[in-house]
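Visitor: Okay, here's the prediction I keep looking at, along with the sequence it came from:
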Amino acid sequence: METRRYGMLPADVYRLTGVTEPHISPDGLRVAYQVWWVDEEENSYRGAIWSAALDGPVLDGPLLDGPAPDHGAPPRRLTWGERRDAAPRWSPDGNWLAFTSSRDGHGGDKSPQQLYVMPADGGEARRLTDGKEDVSQLAWSPDSTRIAFTRRVPDDPEEDDRKRAPRRVRRLFYKFDGEGWLTGRRAHIFVASLDGGDVRQLTKGDCEDGEPAWSPDGGQIAFSSMRGERWDIELRNRIYLVSADGGEPVALTGTDGSCTGASFSPDGTRIAHYYLPDDGTEPRNTQIAVINSGGSDPRLLTAKLDRECRPVSDSMRLCWDNGRIVFTLEDHGSRHAYAVAADGSAQPQLLVGGELVISAFDARDGRLVYAASTHTAFPELYDAGARSAATGGRQLTGVGAAFAADNELAEPERFTTEPVDATASGEGGVDAWLVRPAGFAPDGRYPVLLSIHGGPFTQYSTGFFDEFQMYAAAGYAVLFANPRGGSGRSEEWGRAIRGPANGAGPGWGTVDFEDLMSVVDTALRRYPFLDAERMGVLGGSYGGFMTSWVVSHTDRFKAAITERGVSNMVSLFGSSDIFWDFQRDFGGPMWEHADAWRAMSPASYADRVQTPLLIIHSEQDLRCPIEQGEHLFTLLRLMGREVEMLRFPAEGHELSRSGSPRHRVQRFEAILEWFGRYLA
């Protein structure tokens with residue numbers, strides 16, 4: 001019998017898979033969902049729609065065939081598109097299933113996602129849309145005759161860039177990482193008829209619309225939008241209401257915060273939404289709020305939780321269920337499911353907790369179905385049943401079973417540092433984790449990698465993360481942590497690195513740096529097998545900033561990798577798609593505080609760097625454009641430091657998470673080769 005391999009190898013990227021976007025049928029008997037996987041031969045991602053009975057057995061693999069989804073039947077694959085089928089949505093009458101797919105496009109894997117419908121029990125799918133832009137954010141009308149969705153509207157049909165007219169830019173929000181150029185490609189709300197009639201565009205203008213939600217009577221559609229003369233500067237979403245037949249939208253929410261993800265109550269009298277307070281400063285914890293359908297009587301329902309309730313994606317909508325609103329939030333590295341009374345009469349109640357990350361969910365008639373992963377399991381589908389509170393659910397799928405049979409995934413060990421200083425209001429120590437290396441022996445001595453998350457207002461989670469599995473398999477002990485400045489804890493914790501302009505706070509590279517060094521020191525004391533003479537550090541985006549900051553402020557690490565990182569804040573202010581908005585975090589704009597922005601730039605301390613540094617950057621990164629990597633590389637090379645730069649073509653800021661599978665494999669190989677030079 002073959003022994004299971006510990007962790008992952010770079011080529012295991014081609015075996016990644018998971019479940020997402022569950023949607024419960026109107027009768028509550030079935031759940032539709034997407035299974036995704038990687039196509040190594042085509043170097044792309046694939047997806048199919050599946051259906052499972054809510055009392056059925058566990059799925060044995062991602063491509064299992066089975067009978068119709070009756071009670072007791074195994075999950076059944078419903079679509080067989082050649083590329084990617086996604087976003088299943090049952091019609092309210094239960095007769096149809098809408099989804100998006102790129103199956104019929106002539107552009108290969110670059111073909112846009114179109115809108116399709118098929119009979120609920122399977123059968124031939126019909127395409128309802130055409131065009132050169134992706135369809136997303138599907139919403140059925142209550143009478144099951146129409147489907148609202150979001151799509152960008154290009155005003156220039158020319159495909160040859162050599163013939164295309166120059167882009168005239170009037171707004172700051174003219175590009176966005178992962179979306180490309182937005183000037184002349186604004187997102188708007190559309191409605192398609194089930195019978196295949198004309199597709200109507202409901203909203204228009206130089207604005208950004210999305211997230212349509214029908215009123216229960218089918219007469220109106222609520223949506224989120226950035227509109228007004230300064231929308232591109234303020235980046236503040238409001239909830240609007242428009243007639244389902246078209247017309248002028250009416251704003252329902254004010255300008256004191258950003259409101260997204262509208263969801264009507266079943267009786268149509270109220271609208272739940274996500275609410276991000278806007279007082280000109282960031283970060284702030286996103287909350288769950290409710291308003292009357294006319295926009296009056298706004299109420300915050302989750303303020304006492306003091307946790308980040310922002311959804312993982314725009315498809316993660318709030319669910320009304322028996323007078324409660326179901327949502328998820330971040331908490332100390334995990335993402336849990338909660339419910340809160342819509343009238344504010346009771347405190348939020350935990351539905352699903354534990355060491356896991358819920359990435360998608362749906363709720364109906366007291367039943368909660370969710371997709372979740374753990375440190376050692378790919379995202380799978382779970383049924384929490386009709387319990388009002390639970391610490392888990394019955395597993396419905398097993399798409400990662402084949403991988404788990406071959407690979408023993410590493411289980412990180414949680415630990416905490418000593419409590420941080422009084423600025424964090426008694427929050428305690430920093431949450432941190434250690435992953436033991438392959439072939440671990442208690443009397444061994446092992447090289448260490450400190451991995452730093454991006455954001456900074458985000459968190460390393462208790463969900464599956466391929467990077468840590470990869471490094472552990474290569475023989476490294478891996479440290480990762482959630483220092484001050486991140487999410488998953490109180491708002492004060494997240495705001496601890498604001499500034500330094502106008503006395504807003506100490507700024508990046510201060511208490512967050514202290515916390516990370518404290519994690520390393522705590523780990524070295526706690527785990528004697530860690531080799532303090534063979535330590536490396538790496539991170540991406542803000543984590544790339546921190547990596548460059550670390551090696552310019554200490555020589556304790558023997559090798560480092562900064563990826564898609566920030567090196568020169570002054571230049572990034574004007575070259576990034578949205579980095580200029582960090583003036584809300586830093587206490588003021590760059591032009592008023594250039595010295596402070598420059599003092600927070602790792603490039604300002606390049607002459608102190610003695611650690612061998614690999615710079616990884618993507619050539620189409622619009623969040624941290626490649627000039628950031630070039631700037632640091634040029635400085636260090638001119639100074640005679642040991643530095644290399646790895647440039648990935650045709651990739652953006654999300655290379656490590658959703659870039660081409662082949663590039664992801666090559667990235668892992670490069671990381672392991674670099675650390676192997678200095679830490680082996």
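Guide: Yes, it's here.

Visitor: Give the buried residues for stretch 214-230.
Guide: Buried positions in stretch 214-230, judged by neighbour count with 16 or more other CB atoms under 10 Å: 214, 215, 218, 220, 221, 222, 223, 224, 225, 226, 227. (Each C-beta comes from the backbone N, C-alpha and C, glycine too.)

Visitor: I'd like the average pLDDT over that stretch.
Guide: Per-residue pLDDT values over stretch 214-230 give a mean of 98.

Visitor: middle-most residue in the chain, spatially?
Guide: For the chain, residue 312 is the residue whose C-alpha lies nearest the centre (CA atoms, centre = their mean; 4.9 Å).

Visitor: re the thing from before, now, which of the buried residues of stretch 214-230 sits nearest residue 20?
Guide: residue 224 (21.5 Å; CB to CB).

Visitor: Checking the closest one next. Helix, strand or coil?
Guide: strand (DSSP: H, G, I helix; E, B strand; the rest coil).

Visitor: Bridge partners for it, pull those for me.
Guide: residue 210, residue 239 (DSSP bridges).

Visitor: That one against residue 259, yeah?
Guide: Yes: the pair residue 224 / residue 259 is scored as a contact, 6.6 Å apart, by CB atoms under 8 Å.

Visitor: circling back: now, the most widely separated pair of the buried residues of stretch 214-230?
Guide: Distance extremes for the buried residues of stretch 214-230: the farthest pair is 218 and 226 at 26.2 Å, using CB to CB.

Visitor: if we can go back for a sec, may I have the residues that are in contact with the residue nearest to the centre of the chain?
Guide: By CB atoms under 8 Å, 6 or more residues apart in numbering, the contact list for residue 312 reads 328, 335, 359, 360.

Visitor: hang on, residue 546 in a helix?
Guide: Yes: the assignment for residue 546 by three-state DSSP puts it in a helix.

Visitor: longest helix in the chain, by residue count?
Guide: Counting by DSSP state H, the longest helix found in the chain is helix 661-679.

Visitor: Just the buried positions in that helix, please.
Guide: 661, 663-668, 670-672, 674-675, 678-679.

Visitor: next one: it to chain centre, how far?
Guide: 24 Å (CA atoms, centre = their mean, to the nearest Å).

Visitor: for that helix, packing partners?
Guide: Packing partners of helix 661-679 (3 or more CB pairs under 8 Å, 6 or more residues apart in numbering; DSSP states H and E): strand 446-452, helix 466-473, strand 530-540, strand 559-563, strand 613-618, strand 643-648, helix 655-658.

Visitor: mean confidence for it?
Guide: Averaged across helix 661-679, the pLDDT comes to 98.

Visitor: Send me it as CSV with only the CA atoms.
Guide: C-alpha atoms of helix 661-679 as CSV (Å, rounded to 0.1, in the frame of the first residue of the first chain):
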residue,chain,number,x,y,z
PRO,A,661,-2.6,27.2,-13.6
ARG,A,662,0.7,26.8,-15.4
HIS,A,663,2.0,30.2,-14.1
ARG,A,664,0.9,29.2,-10.6
VAL,A,665,3.0,26.0,-10.8
GLN,A,666,6.0,28.0,-12.2
ARG,A,667,5.6,30.5,-9.4
PHE,A,668,5.7,27.8,-6.7
GLU,A,669,8.7,26.2,-8.4
ALA,A,670,10.5,29.6,-8.4
ILE,A,671,9.7,30.2,-4.7
LEU,A,672,11.0,26.8,-3.6
GLU,A,673,14.1,27.2,-5.8
TRP,A,674,14.9,30.6,-4.3
PHE,A,675,14.6,29.6,-0.6
GLY,A,676,16.4,26.3,-1.5
ARG,A,677,19.5,28.4,-2.4
TYR,A,678,19.8,30.0,1.0
LEU,A,679,17.9,27.9,3.6
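
Visitor: List the neighbours of that helix that are in contact with it.
Guide: For helix 661-679, using CB under 8 Å, 6+ apart, the contacting residues are 10-11, 13-14, 38-40, 43-45, 447, 449, 470-471, 474, 476, 534-536, 538, 558-559, 561, 612, 614, 616, 644, 646, 648, 651, 655-656, 659.

Visitor: Closest to residue 523 out of the contacts of residue 312?
Guide: Once CB to CB is applied, the member of those that ends up nearest residue 523 is residue 335, at 24.7 Å.

Visitor: How far does the strand or helix carrying the closest one sit from its chain's centre?
Guide: Using DSSP states H and E, residue 335 sits in strand 334-341. The chain centre lies 18 Å from the centre of strand 334-341; the measure is CA atoms, centre = their mean.

Visitor: Show me what that strand is packed up against.
Guide: Short answer (3+ CB pairs under 8 Å, 6+ apart): strand 334-341 packs on strand 324-331, strand 349-352, strand 357-364.

Visitor: of all those strands, which lies closest to residue 149?
Guide: From the helices and strands packed on strand 334-341, taking CB to CB, the stretch that ends up closest is strand 357-364, at 18.2 Å.

Visitor: Show me what that closest one is packed up against.
Guide: strand 17-24, strand 319-321, strand 324-331, strand 334-341, strand 367-374.

Visitor: Tell me which residues of it come out buried.
Guide: For strand 357-364, a neighbour-count test (16+ other CB under 10 Å) marks 357, 358, 359, 360, 361, 362, 363, 364 as buried.

Visitor: sorry, back to before: and for residue 224 and residue 259, which residues touch both?
Guide: 237, 238, 239, 273.

Visitor: Of those, which is the nearest to residue 21?
Guide: Relative to residue 21, and with distances defined as CB to CB, the nearest of the shared contacts of residue 224 and residue 259 is residue 273, at 20.1 Å.

Visitor: roughly how far apart are the residue nearest to residue 380 when sequence neighbours are not counted and residue 31?
Guide: With sequence-adjacent residues excluded and distances taken as CB to CB, 6 or more residues apart in numbering, residue 380 is closest to residue 397, at 4.9 Å. Distance, residue 397 to residue 31, using CB to CB, to the nearest Å: 10 Å.

Visitor: swap in residue 46?
Guide: 20 Å.

Visitor: Can you give the domain ranges for this structure?
Guide: As assigned by automatic domain parsing, the chain contains the domains 5-406, 410-679.

Visitor: Can you say which of these is packed in most?
Guide: Stretch with highest mean neighbour count among those: domain 410-679 (a mean of 20; mean count of other CB atoms under 10 Å).
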